[in-house]
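A.B. asks: 3D, please:
(one chain, ligands or ions: 2)
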Amino acid sequence: MYVGRFAPTTSGPLHLGSLLAAVASYLDARAHDGQWLLRLDDIDEQRATADAEQIALATLKHHGLSWDGLISRQVHNRDRYWNAIDTLRSRGLTFYCTCSRKKLRNESTYPGYCRTRHEKPNVPASIRVLVPDIEFSFTDRIQGSVRGNLADQEGDFIVLRKESIVSYPLAVVIDDDVTGVTDVVRGADLLESTLAQIFLIRTLNLSEQRYAHIPVLNQRDGVKLSKRDRAFAIDNRTPVLNLVSALHMLGLNPPSKYKDVHKLLAWATEQWDIRSVPKGRSILDFMSI
Ligand code: GLU
Ligand code: ZN
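C.D. replies: Ligands and ions are numbered 1, 2, ... in the order given. Prediction:
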């Protein structure tokens with residue numbers, strides 16, 4: 001049984017790039033007669049807002065993207081995250097890091113300064129996980145074969161931030177495991193983090209997912225659209241138009257006769273072929289400029 005999901009971070013309104021991820025994951029799930037779950041990624045409580053949450057839900061509803069079952073939230077999994085960190089710690093795989101942002105400013109790979117710090121210091125510290133110096137690979141349904149060595153990339157990565165906020169790669173592997181997700185369809189900006197996630201999944205013995213990373217939407221200057229770009233927040237008054245834009249970017253060519261989101265999505269589900277999604281990590285947002 002296919003179980004897919006959409007997991008918006010609720011720190012700002014959805015933009016066209018998030019709609020693209022929502023539509024792609026929805027269509028892939030529906031085309032497989034699968035379930036499509038909704039999770040609110042609200043672990044960063046300093047930034048997540050109830051407003052953003054309501055806007056995200058309203059946007060999905062306006063666009064006919066109805067999810068199955070109850071909405072899940074990262075804050076509900078907090079104990080599970082802490083247990084996972086404890087498991088890593090009890091196996092000697094973590095250490096406390098007191099390095100400041102400034103100290104690491106010029107490092108793309110964590111240089112290992114605090115690797116031997118196994119006791120909790122009296123100053124604020126993050127918790128990092130020791131990564132093995134081996135190559136991981138997986139086959140992405142859109143991007144093809146992806147491989148990399150965590151030790152050469154980010155290096156020992158953070159699982160718990162100094163402010164006691166669980167990091168995204170740790171949270172997401174637990175979330176997807178708990179909800180029985182089989183298929184992850186999301187933006188290629190998360191491709192790099194996927195190797196860290198696979199490492200955590202295997203280390204913690206969690207369920208593995210199939211991945212499909214869709215290209216992220218760039219503005220003309222090559223900058224990724226982000227939640228801060230309010231100009232790109234989705235206009236809920238034009239859902240058909242927005243969906244048509246998203247479908248074009250996903251390699252479909254919707255006929256102009258559909259004036260209703262449900263009929264348009266039903267058509268798109270019939271037509272959905274992940275092989276038509278443009279490969280590559282980014283595409284220009286040609287519709288909205
Ligand atoms: N919450 C993440 C985001 O909005 C996506 C998480 C995921 O799809 O794995 O960027
Ligand atoms: Zn350090």
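
A.B. asks: In the stretch 151-289 of the chain, what residue lies closest to ligand 1?
C.D. replies: Residue nearest to ligand 1 within the stretch 151-289 of the chain: residue 186 (3.6 Å; C-beta to the nearest ligand atom). C-betas here are computed from N, CA, C, even on glycine.

A.B. asks: sec struct for the closest residue to that residue other than its chain neighbours, please.
C.D. replies: Excluding the flanking residues, the one nearest residue 186 by C-beta to C-beta, 6 or more residues apart in numbering is residue 21, at 5.2 Å. Here residue 21 is recorded as helix under DSSP: H, G, I helix; E, B strand; the rest coil.

A.B. asks: So residue 21 sits against residue 189, correct?
C.D. replies: No: here residue 21 lies out of contact with residue 189, judged by C-beta atoms under 8 Å, at a distance of 9.8 Å.

A.B. asks: Residue of the stretch 151-289 of the chain nearest ligand 2, please.
C.D. replies: residue 156 (8.5 Å; C-beta to the ion).

A.B. asks: what's the burial count for that residue?
C.D. replies: Here the count is done by other C-beta atoms under 10 Å, and residue 156 has 22 residues near it.

A.B. asks: cool, and residue 262?
C.D. replies: Neighbours of residue 262 using other C-beta under 10 Å come to 11.

A.B. asks: Give the full set of residues in contact with it.
C.D. replies: If a contact means C-beta atoms under 8 Å, 6 or more residues apart in numbering, then residue 262 has residue 64 as its contacts.

A.B. asks: Quickly note the distance from it to residue 32.
C.D. replies: 19 Å (C-beta to C-beta, to the nearest Å).

A.B. asks: Same question for residue 3.
C.D. replies: Noted for residue 3: a distance of 10 Å to residue 32, by C-beta to C-beta.

A.B. asks: for residue 95, same thing?
C.D. replies: As defined by C-beta to C-beta, residue 95 lies at a distance of 41 Å from residue 32.

A.B. asks: More neighbours: which of the two?
C.D. replies: residue 95 (21 against 17).

A.B. asks: coming back round to it: quick one: which of residue 21 and residue 189 has more around it?
C.D. replies: residue 21 (24 against 17).

A.B. asks: check contacts around that one.
C.D. replies: Shown in contact with residue 21 (C-beta under 8 Å, 6+ apart): 6, 185, 186, 187, 214.

A.B. asks: farthest pair in those residues?
C.D. replies: For the contacts of residue 21, the farthest-apart pair by C-beta to C-beta is 6 and 214; their separation is 12.0 Å.

A.B. asks: Please identify which of these two sits among more neighbours.
C.D. replies: When residue 6 and residue 214 are compared for neighbours, residue 214 comes out ahead with 30 against 25, by other C-beta under 10 Å.

A.B. asks: show me the contacts for that one.
C.D. replies: Shown in contact with residue 214 (C-beta under 8 Å, 6+ apart): 20, 21, 24, 142, 185, 186, 187, 188, 250, 277.

A.B. asks: And residue 243, by the same measure?
C.D. replies: By C-beta under 8 Å, 6+ apart, residue 243 lies in contact with 19, 23, 63, 64, 254, 261, 264, 265, 268.

A.B. asks: residues contacting the second one?
C.D. replies: Think residue 23. 63, 65, 243, 246, 247, 250, 268.

A.B. asks: If we use 6 Å, what do you get?
C.D. replies: Residue 23 sits next to residue 246 when contact means C-beta atoms under 6 Å, 6 or more residues apart in numbering.

A.B. asks: Distance of it relative to ligand 2?
C.D. replies: Remark: distance between residue 23 and ligand 2 (C-beta to the ion, to the nearest Å) = 41 Å.

A.B. asks: Against residue 113, how distant is that residue?
C.D. replies: When residue 23 is compared with residue 113 (using C-beta to C-beta), they lie 43 Å apart.

A.B. asks: just the fourth one next, same as before
C.D. replies: Separation of residue 64 from residue 113 (C-beta to C-beta): 51 Å.

A.B. asks: mind checking the SS state of the closest residue to residue 258 other than its chain neighbours?
C.D. replies: Excluding its sequence neighbours, the residue lying closest to residue 258 (C-beta to C-beta, 6+ apart) is residue 264, at 4.1 Å. Three-state call for residue 264 (three-state DSSP): helix.
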